[in-house]
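Colleague: Provided below for reference: sequence and predicted model.
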Amino acid sequence: MTPPRPTPLLRASQLLALLLTGAAYWALAYATPRAHFTQLLALFAVAGAAYAWLLHTRLPLRWGLGAALVFRLLWLPATPALSDDFYRFRWDGLLVSHGHNPFAETPAQLLQHPPADSAALPMAELRRLGSHLNSPRYFSVYPPVCQALYGAAAAAFPASETGFLLVVRLALLLADACAAALLLWLLPLAGWPGRRALAYLLHPLAIVEVAGNVHMEGVVVAFLLLTGALLVRRRTRLAAGALALAVATKLLPLLALPLLARYLGWRRCGWFLGVLAGSLGLLFLPFVSWSLLLHIGLSLDLYFQSFEFNASVFYVLRALGQWLVGYDLVGGLGPLLGAGAIYLAFRLAGGGGQRGLAAVPQRLLLTLSGYFALATIVHPWYLVPLVALSCFSPLRYARVWAGLVVLSYSAYRTPAYTESPWLIALEYGGVLAWAAWEYYQGRPALAAPAGGRG
């Protein structure tokens, strides 16, 4: 579809779309409690429609980069209303800034049985935060890069929640700026126009979940792109260090290893894995204890065997299992589906088609998409890396999914956190329909484009 020519009327419509988007983000940041789902959905719809129009009409790159910055700055003084995870971020940060290992015990254990160094801890503030935590009986699941940022923010503002959030948001803004620069450099090398960076930088989910709800997926995106940039420059060991930083932010980038092994070959892959393992060892070293692996293992076990939210394949299999055997099969299905995702990663890595580095982003997009399709939990912010990877692919289903995943916020309309099966069906039905349309249109070619495409 040929985009409209840049007439004064078109530019006026783009300016109006930017203003409406800014107004929607301001309302989401300062006037939309999470329980007000209808209002939340309407504001996301405004931002999503404006996003689609701006990309379709080829918003000038400079306008887009400026708007991406302004939209993120709007959230700087806001307290996240759509997610309460930031209370746990600050809890961990306070422990780290006072020299206490955040993996040593659960918040409930620390408050009920204060440790020997409790005199050095801000117990009054921790007790206040404890009443806001959504998982006080679970061990921390945030790796070292997260802990370092949370600890630095808490050290800078030990008594100020707003100050803590300001430091974290500035760090996330820096990560997004690095991601923008890397996208603008990498996309032309892969055969895509640099303007495709706006597909990530202006996506409502990337703005709301990273700048707004201070989730660390934006940092993961920056480190993944840095890994790719260093591989382009054939700086294999530095690339391994960059991937280690991504893994030490969220564990999910480990799924990229089969794809990178295919690209690097056996000899380079050996060096890569060695540096990766050593770097991860150094990053985790400040938190090493006999209980660390046990507690992380317990958290992962709970993730795969107990928790469920906004799933797709798992919910279908769960319903089938309840019909056949009469009880919830999450304890058995979760690990089985996780193993299926790992199998899919190796199948995609070993499949035919282009073997160069330019093929890695799309294959990683498909790998992570398969993982989330089989996952028992798919929170909205999990999909942010998919949007970034879609910039290197003709496939656009990830952007659609990242828009429809907002429907999962309907679960927070009541304190009981009750999901709507109809809205979940609408979300995944919409994504499946779009992906099927793209498949039949011939979009999923694994080769990099020969020339620039919008």
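Modeller: Received the coordinates, thanks.
Colleague: what ranges do the helices span in the stretch 251-400 of the chain?
Modeller: Assigned by DSSP state H, counting those that start in this stretch, the helices in the stretch 251-400 of the chain fall at 257-284, 290-305, 313-325, 330-350, 360-374, 384-389, 397-404.
Colleague: what's the spacing between the longest one and its chain's center?
Modeller: Distance of helix 257-284 from the chain centroid (Cα atoms, centre = their mean, to the nearest Å) equals 22 Å.
Colleague: please apply the same query to the last one.
Modeller: The gap between where helix 397-404 is centred and where its chain is centred comes out at 13 Å by Cα atoms, centre = their mean.
Colleague: if we can go back for a sec, which of the helices of the stretch 251-400 of the chain has the lowest average pLDDT?
Modeller: Of all the helices of the stretch 251-400 of the chain, the minimum mean pLDDT falls on helix 290-305 (a mean of 66).
Colleague: could you dump the helices of the stretch 251-400 of the chain into TSV and include mean neighbour count and distance to Pro8?
Modeller: Where C-beta positions appear, they are placed from N, C-alpha and C, glycine not excepted. TSV is the format used below for the helices of the stretch 251-400 of the chain (neighbours: other Cβ atoms under 10 Å; distance: least, Cβ to Cβ, whole Å):
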stretch	mean neighbour count	distance to Pro8
helix 257-284	17	46
helix 290-305	14	53
helix 313-325	14	49
helix 330-350	17	47
helix 360-374	23	37
helix 384-389	25	31
helix 397-404	24	29
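Colleague: kindly reformat these as a markdown table containing distance to Phe89.
Modeller: Shown next, in a markdown table, are these (distance: least, Cβ to Cβ, whole Å):
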| stretch | distance to Phe89 |
| --- | --- |
| helix 257-284 | 18 |
| helix 290-305 | 16 |
| helix 313-325 | 27 |
| helix 330-350 | 25 |
| helix 360-374 | 23 |
| helix 384-389 | 16 |
| helix 397-404 | 22 |
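Colleague: for Ala411, find the nearest of the ones you listed.
Modeller: For these, proximity to Ala411 was assessed by Cβ to Cβ; helix 313-325 is nearest, at 12.9 Å.
Colleague: tell me what the closest one is packed against?
Modeller: Counting contacts by 3 or more Cβ pairs under 8 Å, 6 or more residues apart in numbering; DSSP states H and E, helix 313-325 is packed against helix 330-350, helix 360-374.
Colleague: kindly export that helix (C-alpha atoms) in PDB.
Modeller: Extracted in PDB, the C-alpha atoms of helix 313-325 (Å, rounded to 0.1, in the frame of the first residue of the first chain):
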ATOM      1  CA  VAL A 313      -1.800 -22.900  24.300                       C
ATOM      2  CA  PHE A 314      -1.600 -23.700  28.000                       C
ATOM      3  CA  TYR A 315      -5.100 -22.600  28.700                       C
ATOM      4  CA  VAL A 316      -6.400 -24.800  25.900                       C
ATOM      5  CA  LEU A 317      -4.500 -27.800  27.200                       C
ATOM      6  CA  ARG A 318      -5.500 -27.000  30.800                       C
ATOM      7  CA  ALA A 319      -9.200 -26.900  29.900                       C
ATOM      8  CA  LEU A 320      -8.800 -30.200  28.000                       C
ATOM      9  CA  GLY A 321      -7.000 -31.700  31.000                       C
ATOM     10  CA  GLN A 322      -9.700 -30.600  33.400                       C
ATOM     11  CA  TRP A 323     -12.300 -32.200  31.200                       C
ATOM     12  CA  LEU A 324     -10.400 -35.400  30.900                       C
ATOM     13  CA  VAL A 325      -8.900 -35.800  34.500                       C
END
